[in-house]
Every structure is written in C-alpha cells, then in structure tokens.
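[1] Quick one, structure for this:
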Amino acid sequence: MHAKDILIDGYGRIQEEVHAVLDGLGPEALHHRPAPDANTIAWLVWHLTRVQDDHVADAFGLDQVWLSQDWEKRFGLGLPRHDTGYGHSPAEVAKVRVESAGLLTGYYDAVHGQTLDALRSVAAKDLERVVDERWDPPVTLGIRLVSVLSDDLQHVGQAAYLRGLLQSAAA
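    Numbering: from 1, shown residues only. Below is the predicted model of the structure:
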C-alpha cells in the first residue's frame, strides 16, 4: 500500500463520519449549544471543512472550493471571505447558521472531491516537499495532510458527541 492510498482512506473516513453525524438533523439540532460558549454541530462541520479546504488548496496551489464554487455566497454567513473559524468567539460561532444539513454535506463533498483529486496525484517524494516555512521545522506536504486529517477527525468526533447528547436528551 502506498502512502497516498492510506491518506485517501483516511480522508474517506472523514467523509463517512461527516455524513453520519449530519444525517437527519434539522436546524434546531445543528445549532444546539450544550453550554452558552460551546460550539454547535453546524459550526464544527463547517470549520473542519473550511480547514481542509484552506490547507489542502494551499498545499497543492489550488483555489479554495469555498470561493471558486460560490459556497461562501450559498452559506451567506457574514464572515470574512477566508475565515476558517480558527479562534472564533462564541458570537462568531453563532453566525454559522444553516437551514439544512444538506448545505454542509454539499460543501464537504465538494472539498472532499478536490482533496481526493489532489491526493491521487501525489508521489511518495511529493510528501517531503515543504509547504509552510512559518514553523520550525518547516511543514512538509505529508505532515500537513496528516495534521488536517487529525484535526478533521477530532472535530467530527466532537460533532458526533454533540449528536449523542441530543439523542440521549430526547430519549
């Protein structure tokens, strides 16, 4: 098995979990906050998708799907164009509101498609290419891809936990 195959499998698992966590949720569940300053399921999925979109596009020299496919306009959040949610305040989290889970899955699937296209082109030597010199040591493509994978899995896990809290409360 090649490294890119492992990455493709890992990113596929994120997609599966995003769909599972959003399946059947309406606006009330998507925007529920278990505490006043807590993140919502909608924000968590939007954020993990924005980070993947931003970081993968940057690493491969691609346009972000958020901008190139008009997802920013479809969401209409009133946030800065390149905002990924990093460091959001509770008030900024509250701005991430959607009418349906379908908007979130649609955006995630578009980002996932671009990510898979990029991953399919990766050769083993490409994973050693430095993509971010702001860190010490500089970040390679391989490290960036694993970092995004890890971050996305953590956030989708948080969203799944919130969904479980909602289901427990409803039972």
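[2] residues making contact with stretch 72-81?
    Applying C-beta atoms under 8 Å, 6 or more residues apart in numbering, the contact partners of stretch 72-81 are 46, 66-67, 92, 95-98, 103, 107. C-betas here are computed from N, CA, C, even on glycine.
[3] swap in stretch 145-157?
    Residues contacting stretch 145-157 (C-beta under 8 Å, 6+ apart): 7, 10-11, 13-14, 17-18, 21, 44-45, 47-48, 51-52, 55-56, 59, 119, 127, 139.
[4] just the buried members of those?
    Using 16 or more other C-beta atoms under 10 Å as the burial test, these include 7, 10-11, 14, 17-18, 21, 44-45, 47-48, 51-52, 55-56, 59, 119, 127, 139 as buried.
[5] tell me the contacts of A57?
    Shown in contact with A57 (C-beta under 8 Å, 6+ apart): 63-65, 114.
[6] check which helix or strand covers it.
    Assigned by DSSP states H and E, A57 belongs to helix 41-60.
[7] Helix or strand next in line after that helix, which one?
    Once the chain leaves helix 41-60, the next helix or strand it forms, by DSSP H and E, is helix 65-68.
[8] So which other helices or strands are in contact with that following helix?
    With contacts taken as 3 or more C-beta pairs under 8 Å, 6 or more residues apart in numbering; DSSP states H and E, helix 65-68 sits against helix 41-60, helix 101-120.
[9] what's the spacing between the first one and its chain's center?
    Pointing back at helix 41-60 there. 4 Å (C-alpha atoms, centre = their mean, to the nearest Å).
[10] what angle do it and helix 101-120 make?
    Relative orientation of helix 41-60 versus helix 101-120 (axes from the mean of the first three to the mean of the last three C-alpha atoms, to 10 degrees): 20 degrees.
[11] Quick one: distance of the lengthiest helix in the chain to the chain centre.
    Counting residues, the longest helix in the chain under DSSP state H turns out to be helix 141-170. Distance, stretch centre to chain centre, for helix 141-170: 9 Å (C-alpha atoms, centre = their mean).
[12] hmm, which of the contacts of stretch 72-81 are the buried ones?
    Taking 16+ other C-beta under 10 Å as the criterion, what is buried in the contacts of stretch 72-81 is 46, 66, 96-98, 103, 107.
[13] Make CSV out of these and add distance to T40.
    Formatted as CSV, those follow (distance: C-beta to C-beta, whole Å):
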residue, distance to T40
W46, 9
W66, 19
V96, 7
R97, 9
V98, 10
L103, 14
Y107, 16
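[14] Which members of those residues define the maximum pairwise distance?
    Across those, no pair lies farther apart than W66 and R97, at 16.6 Å, counting by C-beta to C-beta.
[15] of the buried ones among the contacts of stretch 72-81, closest to L25?
    For the buried ones among the contacts of stretch 72-81, the nearest to L25 is V98 (10.2 Å; C-beta to C-beta).
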